[in-house]
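1. I need the structure of the sequence given here:
(chains A and B)
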Number of protein chains: 2
Amino acid sequence: MTMSFPTSSPAAPFAVLATAFTASDPETLHLLEKYLICVDQNGIISAVIPPADPRYAEQKSAYQQNNALIELGDDQYLMPGMIDVHVHAPQWPQMGKALDLPLYAWLQDNTFPLEARFSDTDFARRVYAPMVDALLANGTTTAMYFASAHNAASLALAEICATKGQRALVGRIAMDNPEQCPPFYRDSSAHQAVDDTAQFIRDVQTLVTPQSNLVLPVITPRFIPSCTDDLLTGLGELAGQTGCHVQTHCSESDWAHEYVKNRFGIHDAQALHKFGLLTRQTIMAHCNFLSDDDMDTLRATGAGIAHCPLSNFYFANSVFPLRHGLQQPLHIGLATDIAGGHSPSMFDSCRHLLTAACALNDGVNPQLSAKERGRPGAKADFIHAFWLATGGGGEALNLPIGQLAPGFAFDALLIDCQSPDSNVIIWPEFDDHRDVLQKIIYNATRCNVSRVWVQGRVVTER
Amino acid sequence: MTMSFPTSSPAAPFAVLATAFTASDPETLHLLEKYLICVDQNGIISAVIPPADPRYAEQKSAYQQNNALIELGDDQYLMPGMIDVHVHAPQWPQMGKALDLPLYAWLQDNTFPLEARFSDTDFARRVYAPMVDALLANGTTTAMYFASAHNAASLALAEICATKGQRALVGRIAMDNPEQCPPFYRDSSAHQAVDDTAQFIRDVQTLVTPQSNLVLPVITPRFIPSCTDDLLTGLGELAGQTGCHVQTHCSESDWAHEYVKNRFGIHDAQALHKFGLLTRQTIMAHCNFLSDDDMDTLRATGAGIAHCPLSNFYFANSVFPLRHGLQQPLHIGLATDIAGGHSPSMFDSCRHLLTAACALNDGVNPQLSAKERGRPGAKADFIHAFWLATGGGGEALNLPIGQLAPGFAFDALLIDCQSPDSNVIIWPEFDDHRDVLQKIIYNATRCNVSRVWVQGRVVTER
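-> As a prediction, the model looks like this:
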C-alpha cells in the first residue's frame, strides 16, 4: 500500500502537451513524445495520452477551448520533479565550505554550533525561506529534511514549505546522548526528546494552510551515536503508534559503523530494526556498509535508502554499492545531503551518482592491478540516476510522486535546453530524445529549470 | 624560462579595484582585498597595489580621472581566468552522451565517425564557433585543443579563437596507425601527417588578426597506439626544430598503458621521451599509471600533465594521484577533457578533482577494510583545485597566465555571487573571503561568470 496525501485545494484541471521523460523502474525509461498529460483539479495526473490514442485530438481541443492547455516549445521537455530524500536544512549557510575538515571537526566545530543557532526561530526563518526558494528553483519538488533539535524552528520550516508549495517531509532532530552531543546542542533527556517529537508531529499534522497537505512530519533520531537506548526505544514506539515516516543515518562511515558494532554488537540496520525504527516509511541515509543480511532486513521491512553520492566521497570513506542494492531489490532514492554534499542541485547528485558508480566499478588506485582495484558490476548509467532522482525517491518515500503516470501527483519540471546559460547543447542532426535526456542529466543546471509544478501548482517560473 | 607571447594590439591602460583571489603555488592562496590591479596597454598586469600602499590613492584617482577604473560591487570578485589544458574540440556535439559505452565503442562507433566529419570545414565552423562562445561564457580564457586530423578545420578553430579572443593552443591531430585508426579517419602516411603538421604550424603562426597573438600551434600525436614509430619520430623532430608545444595522451587506462608496454617494453612517458616528444612545452593528458621513474623523467624534462578528473572516472580505470605528482613537483594543469568529460565547466573540473582525490584517499569499496581501501595522503582541498585551474595551468603551458600578478596577462573573471541563478550562497555573518572562494569553487556555474577578460580585452559580458 502506498501512503496517500489529502487532496489539495480545488483548482481548474489542465493538460500539458509535451515531450516528456519518466521512468517506471531503475532500468525502464519512457519517452513520451508529444503526449497529453492531463492534471485534475487536485493536482493529480488523471491521464497520459499518446498522440495515437483516439481520444487525443478531442481531449487536446477540449483543454484548448478551456484555455487550459500548456504546449511546450521545441527545445523544452517535461520531467518529474526531483525528489531529494536527505537534506540537512539548518546546514544551508555552510553549504560549500569546511569540506577540507575531517568529519569530527566538521561536525563538532562547524555543524553543531551552526545548528544550535536555530534555537532562534527568526534566524531559522531567515535561513529556511531562501533555502526553499533555491531548492525549488533547482527543481527539487520534494525534500526530506533533517531540521534541528528545536520544535519551533522545525515547525517554521514546515510552514515555509507549505506556504511556498514545496512538498516536504520534515523531521525535528532527536539527539540526547551526552557522550556524543555537545552540551550546547542536545535534548535534555530521552523523555523530553520523545515528547517534543510527538508534539512536533501533532503540530505539523494540524498545520492549516491551503497547501498544508504537502508537508508530513518525520521521526528523526539523528543517528545511533547521538541517541541513548531510551530515546531510540521511545522513537520506535512513536513510529509504531503514528505510522509516520522515520529518517536517520545508517552505517555511513567506518567510524559510525564501528561505533554501533561496539555498542550493540550488531550493525546499524539490525539495531534500528530492534528499536522498531525500520518501516515502509523509513529512509536511512548512506547505508554504505550494509551486509547482505542487513539488506535482507531492509527488504523485509520495506525501509528505504537515501543514496548520497557526493557526501559519500567526503565523509563515508567509501561508495554505496548502488547496483547491488537495486538488485535485491531495495527502495533507493537520491539525495544531495546538504551540507555534507556541497551542491543543492539534484542534477549534480545524478552526476556524482554516476562518477561514484564508475569509481566503485573500476576502482581508483592505479598502484593496484585492475583485478584488485575494482568491483565489476557496480557501474550505473543515466537512467539509473534519473530513476533514483524521481520515481525511486517516490517509491522509497512510499508516496505517489516521481512519475508522469495516472494517479501520481503532478510534480514536474519544464526543462528548457535553450535557456541563456545552458550547457545542455543539443544537436538535432545527431541527438534523439534519449540523447537529449542523457545530455540533460549530464549538464542541466538551475538555469535550465524553467518552470516547476508541485501538485499541479506552479511554484517557480522564470 | 617562460615562453612569452607577442604583445597585443595597443589599447588604453585600465585598473580594476577588486577583492581578488590568486594562487602562486598549489598551497598558497592570496586574498587581495580591495586591491588595485593595473593593466597596461598590451593587456599585461603592470601592478597589483594593496590599499596600504602609498601609491594606492593617487593611482586610483588617476585611473578614475581617465575613466579607466572598474570598481567591483560587494558580491563581486575577481579571479584569474580558467585554463583548460585538454579539450577535444570536435567532440563538442557529443558532450554529455554515449558515456554508458565502454571506451572502445565510445571511440570507434561515436568519436571517430564524428571527428571524421570535420573534413567538412563548414561543419567545423558550425561546431567550433558556438563552442568557443560557450567555453568563454563558462570562464575558460585559455584552452589547449585537440582539433581533428584535418588542416583546414583545425585552422578554422584557430581563427575562431583568435577572432573571439580566446587564448588557445590548437593541435591538428596526427594519427596514421592502420591497426588502431579506422580507414575513414586516419593520416595516409607518417610522412603526410608530419608535413601537414608542419604546414599547420606555419599557418597558425602567420594568422594575422588583431588578436592573433592569442593562438599557438601544437604538435599533436593522438596517443601512441594511433601512431606509427615513423610518425612519432617525425613529430619529435618537428618539436625539436620548432620549439612548439606538444600534446598527447599518456598512460591513461589499463588498456593504453599495457598497449605501450607490449609494443615498446617501456611506459608511455619513456617512449615519448625517446621520440623527443617530452619538452618544457609538452602537456600529456591523464598520466594515471606513471611510475615514480616516469615522474622523474617528467620532472627532468619539465613536461606537464593535464589532470582530467571527470574523464578519469569514466575511461581511465583509476584516479590520477594528484598530490603525489604535486610533491615531485611536476607541472600539472586541470582539464575538462571534453567529451570524455561531460562538462564544459572548469568549475565542475575543480569539483571532480576534489571528489576524485577523496576517492583515492579513502578508497571506495566498503567490502575492503579501511586499511586496504584507501591511499592516505591523496586528499586535496579547494586551493589545490583553484591552483590547478589557474596558475598551475599557466605553469604547465609555460606561459605567463593564470595569476593576478605583475607580468602576467590579464586573463580574468568577474564572479558575481548574486547572479539570478546563483547557487553560491554567501552569509556575510559567517563567511570570510576564504570561505567565499571555497563556495565559489564548490558551487559556481556559468551563471556566476559575469565578465571575462582575455589579455585585457572583454570577451564575454552578461
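2. residues of the stretch 101-250 of chain A that sit close to chain B?
-> Counting by CB under 8 Å from any CB of the partner chain, the stretch 101-250 of chain A comes close to chain B at A:114, A:130, A:134, A:137-138. To be clear about C-beta, it is placed using only N, CA and C from the backbone, and glycine gets the same treatment.
3. contacts for the helix or strand of chain A with the lowest mean pLDDT, please.
-> The weakest-scoring helix or strand in chain A, judged by mean pLDDT, DSSP states H and E, is helix A:103-105 (a mean of 80). Contact with helix A:103-105 is made by A:253, A:255, A:315, as judged by CB atoms under 8 Å, 6 or more residues apart in numbering or on different chains.
4. again, only this time at 7 Å
-> A:253, A:315 (CB atoms under 7 Å, 6 or more residues apart in numbering or on different chains).
5. for it, the distance to its chain's centre please.
-> With CA atoms, centre = their mean, to the nearest Å as the basis, helix A:103-105 stands 24 Å off its chain's centre.
6. go on, stretch A:44-56?
-> Centroid separation for stretch A:44-56 versus its chain: 29 Å, with CA atoms, centre = their mean.
7. next, the distance between the ends of it.
-> 19 Å (CA to CA, to the nearest Å).
8. tell me the buried residues in that stretch?
-> A:44-49, A:56 (16 or more other CB atoms under 10 Å in any protein chain shown).
9. okay, whichever residue of the stretch 1-150 of chain A sits closest to chain B: pLDDT?
-> Residue of the stretch 1-150 of chain A nearest chain B, by CB to the nearest CB: residue A:96 (3.6 Å). On pLDDT, residue A:96 comes in at 97.
10. look up the closest residue to residue A:296, ignoring the ones flanking it.
-> In this structure, residue A:296 finds its nearest non-sequential neighbour in residue A:328, 7.8 Å apart by CB to CB, 6 or more residues apart in numbering or on different chains.
11. oh, that last question was meant for residue A:317, not what I typed.
-> Counting by CB to CB, 6+ apart, the residue nearest residue A:317 is residue B:362, at 4.4 Å.
12. about what we covered before: make TSV out of the buried residues of stretch A:44-56 and add pLDDT, distance to chain B and secondary structure.
-> Below are these laid out as TSV (pLDDT from 0 to 100; distance: CB to the nearest CB, whole Å; DSSP: H, G, I helix; E, B strand; the rest coil):
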residue	pLDDT	distance to chain B	secondary structure
A:44	96	30	strand
A:45	98	28	strand
A:46	98	33	strand
A:47	98	32	strand
A:48	98	26	strand
A:49	98	29	strand
A:56	98	30	helix
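13. out of the residues you listed, which comes closest to residue B:226?
-> Relative to residue B:226, the closest of those is residue A:48; by CB to CB it sits at 48.4 Å.
14. please name the bridge partners of the closest one.
-> Going by DSSP bridges, residue A:48 is paired in beta bridges with residue A:37.
15. buried sites along the least confident helix or strand of chain A?
-> Buried residues in helix A:103-105, counted by 16+ other CB under 10 Å: residue A:103.
16. give me the contact list for the next helix or strand after that helix.
-> Counting by DSSP states H and E, the next helix or strand C-terminal to helix A:103-105 is helix A:112-116. Residues from elsewhere that reach helix A:112-116 (CB under 7 Å, 6+ apart): A:90-91, A:93-94, A:148, A:182, A:184-185.
17. re earlier: any idea how far chain B is from the residue nearest to residue A:296?
-> Remark: distance between residue A:328 and chain B (CB to the nearest CB, to the nearest Å) = 16 Å.
18. so that residue is in contact with residue A:299, correct?
-> Yes. Counting by CB atoms under 7 Å, residue A:299 is a contact partner of residue A:328 at 5.3 Å.
19. what pLDDT, on average, does stretch A:329-348 get?
-> Computed over stretch A:329-348, the mean pLDDT rounds to 98.
20. what residue ranges in the stretch 201-350 of chain A score low on pLDDT?
-> Low-confidence segments of the stretch 201-350 of chain A, defined by pLDDT under 70: A:208-212.
21. that older thread, keep only those of the residues of the stretch 101-250 of chain A next to chain B that are in helices.
-> Mapping those onto helices (DSSP state H) picks out A:114, A:130, A:134, A:137.
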